[in-house]
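In: Structure for this input, please:
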Amino acid sequence: MTTTIHGGVPLPAQDGELLVGGIPVSRLADRVGSTPFFAYDRARLTARVEALRTAFPDDLELSYAVKANPMPALVQHLSRIVDSLDVASGAEMRLAMDTPMSGEAVSFAGPGKSVNELSQAVAAGVLVELESQLEAERITAVGEQQGIRPVVAIRVNPDFEVKGSGMRMGGGPQQFGVDVEDVPALVKELESRDLDLRGFHVFSGSQNLHAGILADAQVRTVDLVLRMAEHMTRQPTYLNLGGGFGIPYYDKDQPLDMSVISENLHRLMAERVRPAFPDARVMLELGRYIVGEAGVYVTRVVDRKVSRGRTFLVVDGGMHHQMAASGNFGQVIRRNYPIAVGNRIGQEPTETVQVVGCLCTPLDLLGDKANLPPSEVGDLVVLFQAGAYGLTASPTAFLSHPAPLEVLI
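Out: Residues are numbered from 1 along each chain as shown. Got it, this is the predicted structure:
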């Protein structure tokens with residue numbers, strides 16, 4: 001086996017074939033039965049969780065954000081090696097409840113929860129992170145109707161923003177959470193109701209590769225939680241400090257320096273959090289960072305054409321499966337995800353081509369001016385960093401092509 005670096009991604013290969021989970025990609029395609037497909041590497045998922053366990057203080061829990069990738073087999077696998085699952089819909093909650101996790105180890109965040117979803121959560125014993133005054137009223141009514149005391153926390157919209165995040169989800173006006181200035185009054189109100197108020201959740205942003213910025217955000221988050229806890233009549237027993245850890249997608253991206261994060265978290269837990277909250281469950285919630293680099297998207301070349309001097313490789317997949325890789329999922333400037341021809345690893349990239357999907361729109365672009373080996377119909381094009389926000393974050397029904405398969409290997 002050999003390993004080469006392509007687009008910043010290490011490519012294990014054997015006889016010119018990319019190995020995915022130790023399996024040559026052509027053989028994997030035969031095993032799956034059709035292209036395109038997503039493949040997730042079980043060993044890489046486990047290794048990432050183990051690396052986080054090593055970096056984190058022993059008393060800091062790890063929660064997996066199911067929205068990053070809700071593939072059932074993947075969630076089942078992670079449920080056995082993380083401490084809790086965070087869901088953002090009733091369907092994700094049902095998926096979480098099919099795992100060995102108990103309801104007490106599941107949290108439910110996100111704006112606009114329906115009464116039916118709140119009813120499901122209360123019946124399952126799931127902790128609901130309240131995002132508005134109306135949600136508080138609704139869950140109180142649900143608890144009274146079921147005769148069950150709902151378990152809740154307050155998601156706080158902080159009074160600071162985290163620079164460098166791919167998506168900012170805190171600071172300024174937000175649909176997420178309760179503005180920090182309104183939290184004291186809501187705490188008082190919730191404590192007057194028949195609700196089990198456990199604590200707070202603060203999530204400021206996602207996809208951040210700047211360790212120093214993330215460390216500063218963690219300090220400010222702990223400061224905020226300490227301030228909010230003063231308004232509770234008993235100590236919080238649940239503190240979700242968010243996440244936001246990014247992964248590299250583009251050539252100039254540098255991986256997150258986990259040593260900076262680790263040192264900061266050890267200091268915060270020992271010097272600030274545990275003296276104030278000795279018995280609280282304290283956690284970081286991560287999605288993309290756990291699963292993103294463990295997945296690939298494999299699609300087959302079905303046509304090769306030249307149009308006015310430019311070569312196009314047309315594949316049987318596209319943006320309806322990989323919206324983010326096409327540049328249509330929030331990117332201001334479109335850049336290629338790492339891309340390779342999986343059955344030509346090690347060959348010289350002597351062609352500059354457009355890798356396009358099979359949809360009838362110019363937006364369906366997976367590789368813009370991509371430097372690849374000379375490729376033919378039948379070759380397998382592989383997109384990397386495809387483990388998070390891939391299939392379920394894409395317009396799968398667009399033009400009514402078949403949905404791709406997903407495998408955990």
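
In: Which residue comes closest to residue 269 once chain neighbours are left out?
Out: Once flanking residues are discounted, residue 269 sits nearest to residue 57: 4.5 Å by C-beta to C-beta, 6 or more residues apart in numbering. (Each C-beta comes from the backbone N, C-alpha and C, glycine too.)

In: so residue 396 makes contact with residue 403?
Out: Yes - in this structure, residue 396 sits in contact with residue 403. The criterion is C-beta atoms under 8 Å, and the distance is 5.5 Å.

In: Helices of the stretch 101-250 of the chain, start to end?
Out: Using DSSP state H, counting those that start in this stretch, the helices of the stretch 101-250 of the chain run over residues 115-124, 133-146, 183-191, 211-229.

In: anything in contact with each of residue 396 and residue 403?
Out: Residues within reach of residue 396 and of residue 403 at once, by C-beta atoms under 8 Å, 6 or more residues apart in numbering, are residue 321.

In: These two: who's more crowded?
Out: residue 396 (15 against 12; other C-beta atoms under 10 Å).

In: secondary structure element for the more buried one?
Out: Assessed by DSSP states H and E, residue 396 sits outside every helix and strand.

In: Next up, the contacts around residue 81.
Out: 46, 49.

In: Do you know the pLDDT at it?
Out: Per-residue confidence for residue 81 comes out at a pLDDT of 98.

In: Check which helices and strands the longest strand along the chain sits against.
Out: The longest strand of the chain (DSSP state E) is strand 295-307. Strand 295-307 is packed against helix 25-32, strand 37-40, strand 310-315, strand 380-383, with contacts defined by 3 or more C-beta pairs under 8 Å, 6 or more residues apart in numbering; DSSP states H and E.

In: Can you show me the CA trace of it as PDB?
Out: This file holds the C-alpha atoms of strand 295-307, laid out as PDB (Å, rounded to 0.1, in the frame of the first residue of the first chain):
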ATOM      1  CA  GLY A 295     -16.700  10.100   4.100                       C
ATOM      2  CA  VAL A 296     -16.200  10.100   0.400                       C
ATOM      3  CA  TYR A 297     -18.600  10.500  -2.500                       C
ATOM      4  CA  VAL A 298     -18.000   8.300  -5.500                       C
ATOM      5  CA  THR A 299     -19.500   9.000  -8.900                       C
ATOM      6  CA  ARG A 300     -18.800   7.400 -12.300                       C
ATOM      7  CA  VAL A 301     -17.800   9.200 -15.500                       C
ATOM      8  CA  VAL A 302     -20.600   8.600 -18.100                       C
ATOM      9  CA  ASP A 303     -19.500  11.000 -20.800                       C
ATOM     10  CA  ARG A 304     -16.400  12.900 -21.900                       C
ATOM     11  CA  LYS A 305     -16.800  15.800 -24.300                       C
ATOM     12  CA  VAL A 306     -14.900  18.800 -25.500                       C
ATOM     13  CA  SER A 307     -16.700  22.100 -26.000                       C
END
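
In: For the residue of the chain most remote from its centre, give me its contacts.
Out: Residue farthest from the centre of the chain, counting by C-alpha atoms, centre = their mean, is residue 308 at 40.3 Å. Residue 308 is in contact with no residue at all, counting by C-beta under 8 Å, 6+ apart.

In: So it versus residue 275, what's the distance?
Out: In this structure, residue 308 and residue 275 are 69 Å apart, going by C-beta to C-beta, to the nearest Å.

In: just residue 59 next, same as before
Out: Using C-beta to C-beta, one gets 12 Å for the distance from residue 59 to residue 275.

In: So between those two, which is more surrounded?
Out: Summary of the neighbour comparison: residue 59 and residue 275, criterion other C-beta under 10 Å, with residue 59 having more neighbours (13 against 9).

In: For residue 207, report the pLDDT, please.
Out: With respect to pLDDT, residue 207 has a value of 86.

In: Same question for residue 184.
Out: What the model reports for residue 184 is a pLDDT of 95.

In: That one touches residue 228, doesn't it?
Out: Yes - the pair residue 184 and residue 228 passes the contact test of C-beta under 8 Å, sitting 7.5 Å apart.

In: Name the nearest residue to residue 360, sequence neighbours excluded.
Out: Counting by C-beta to C-beta, 6+ apart, residue 399 is the residue found nearest to residue 360 once chain neighbours are left out, at 6.5 Å.

In: What of residue 320?
Out: Of all residues not flanking residue 320 in the chain, residue 398 sits nearest, at 4.6 Å (C-beta to C-beta, 6+ apart).

In: quick one: contacts for residue 153?
Out: Contacts here follow C-beta under 8 Å, 6+ apart; on that basis residue 153 touches 107, 127, 128, 129, 130, 197, 198, 199, 200, 201, 238, 240.

In: One more pass at 6 Å, please.
Out: Counting by C-beta atoms under 6 Å, 6 or more residues apart in numbering, residue 153 makes contact with 129, 198, 199, 200, 201, 238.
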